[in-house]
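1. Pasting the sequence and the predicted coordinates here, then a few questions.
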Amino acid sequence: MVSFLFLLGCMAGMPVQAEDAAGPTTVARIEGRPIHCAAEPTVLERCAAALLALLRTQAEHAYIEEHALYATEAEIEAVFAYERAFRSHDRLQRSRKLLELEARLASGPLATEERSRLEAFRTVLARLARYDADVDAGIEQLDVLPRETAAAWVQQVKLDVQLHRRFGGVIGVRASGLYAHGARVHMLRQFVPRKQIEWLDSTFRGAFERVLGAAPTITYRGQQAEFTPFWLRPIPDSYMHD
């Protein structure tokens, strides 16, 4: 297996030991630094995907800096406000669901499978309720979203909005919302030549072009793209089902 760290080592000019029995070959050089990868096709594909991930991160950072798409304090606070509101909403919803389960379990006979399922769910909710109480008492520490993560989320949305406005293209769908897949590919195609890549293996270059040009896992088919981030959307009234 060729890891992302493997490629990071190559990019940094560090000595790299391949994990593949077939042994590595130099498949490309980036700004004079070699990238080594075993010649086996599936390994080359993984190398190409890891290289793409690295270049995408660099391209995004460069574009954000070039166009000053930095997260403002107000934008970061909006993320934290959503996190606080969601935690409060989630806690209230779990409390209500726990009371409901207690009532259902005490209401009368239930099928064995149904009772087992409800009891298992009750156990989970009861454990979370104890954790909430421990947080309130100062016994447990609440995991707080790092500021750097909140800023990165904001910058990614601002990047998607500007890229799609500028380049258009196909839009992808992921759990957090829409993203400008085609526009990001366009950005990368402009960025890659700046890295002075010397392709030494045509198969590896072909694998890189395939992963670069791949369609999104889920394509948005709607008429009007809406990049509003999840933290600026209403919290769903209910998302918990037993």
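-> Received, thanks.
2. what's downstream of the longest helix belonging to the chain, the next helix or strand?
-> Under DSSP state H, the helix in the chain containing the largest number of residues is helix 73-106. Per DSSP states H and E, the first helix or strand lying C-terminal to helix 73-106 is helix 112-136.
3. Follow the chain on from the lowest-mean-pLDDT helix or strand in the chain and name the next helix or strand.
-> Least confident helix or strand of the chain, by mean pLDDT, DSSP states H and E, is helix 4-11 with a mean of 44. Counting by DSSP H and E, the next helix or strand C-terminal to helix 4-11 is strand 24-30.
4. What strands line up against that next one, and which way round?
-> strand 33-38 (antiparallel), strand 197-199 (antiparallel) (DSSP bridges).
5. tell me the most buried of those?
-> Highest mean neighbour count of the strands paired with strand 24-30: strand 33-38, a mean of 22 (counted as mean count of other CB atoms under 10 Å). C-beta here means a position set from N, CA and C on the backbone, and glycine is covered the same way.
6. What residues sit buried inside the helix or strand just after it?
-> Scanning forward in sequence from strand 33-38 by DSSP H and E, the next helix or strand is helix 41-66. Buried residues in helix 41-66, defined by neighbour count with 16 or more other CB atoms under 10 Å: 43-52, 54-56, 58-60, 63-64.
7. Check the average confidence over helix 41-66, would you?
-> If you average the pLDDT over helix 41-66, you get 95.
8. Find out how far that helix is from the centre of the chain, if you would.
-> Helix 41-66 sits 14 Å away from the centroid of its parent chain (CA atoms, centre = their mean, to the nearest Å).
9. For that helix, name the packing helices and strands.
-> Applying 3 or more CB pairs under 8 Å, 6 or more residues apart in numbering; DSSP states H and E, one finds that helix 41-66 contacts helix 4-11, strand 24-30, strand 33-38, helix 147-167, helix 181-191, helix 202-213.
10. Worst mean pLDDT among these?
-> Taking the mean pLDDT of the helices and strands packed on helix 41-66, helix 4-11 comes last: a mean of 44.
11. helices or strands up against the longest helix of the chain?
-> Partner elements for helix 73-106 (3+ CB pairs under 8 Å, 6+ apart): helix 112-136, helix 147-167.
12. re earlier: comparing the helices and strands packed on helix 41-66, which stretch has the densest surroundings?
-> Highest mean neighbour count among the helices and strands packed on helix 41-66 (mean count of other CB under 10 Å): strand 33-38, a mean of 22.
13. Please name whichever of the helices and strands packed on helix 41-66 is nearest to Arg127.
-> helix 147-167 (25.8 Å; CB to CB).
14. Quick one: list the elements packing against that closest one.
-> Short answer (3+ CB pairs under 8 Å, 6+ apart): helix 147-167 packs on helix 41-66, helix 73-106, strand 177-179, helix 181-191.
15. now with 7 Å?
-> helix 41-66, helix 73-106, helix 181-191 (3 or more CB pairs under 7 Å, 6 or more residues apart in numbering; DSSP states H and E).
16. could those helices be laid out in a markdown table, adding distance to Val173?
-> Below are the helices and strands packed on helix 147-167 laid out as a markdown table (distance: least, CB to CB, whole Å):
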| stretch | distance to Val173 |
| --- | --- |
| helix 41-66 | 18 |
| helix 73-106 | 20 |
| helix 181-191 | 9 |
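17. Fine by me, thanks again.
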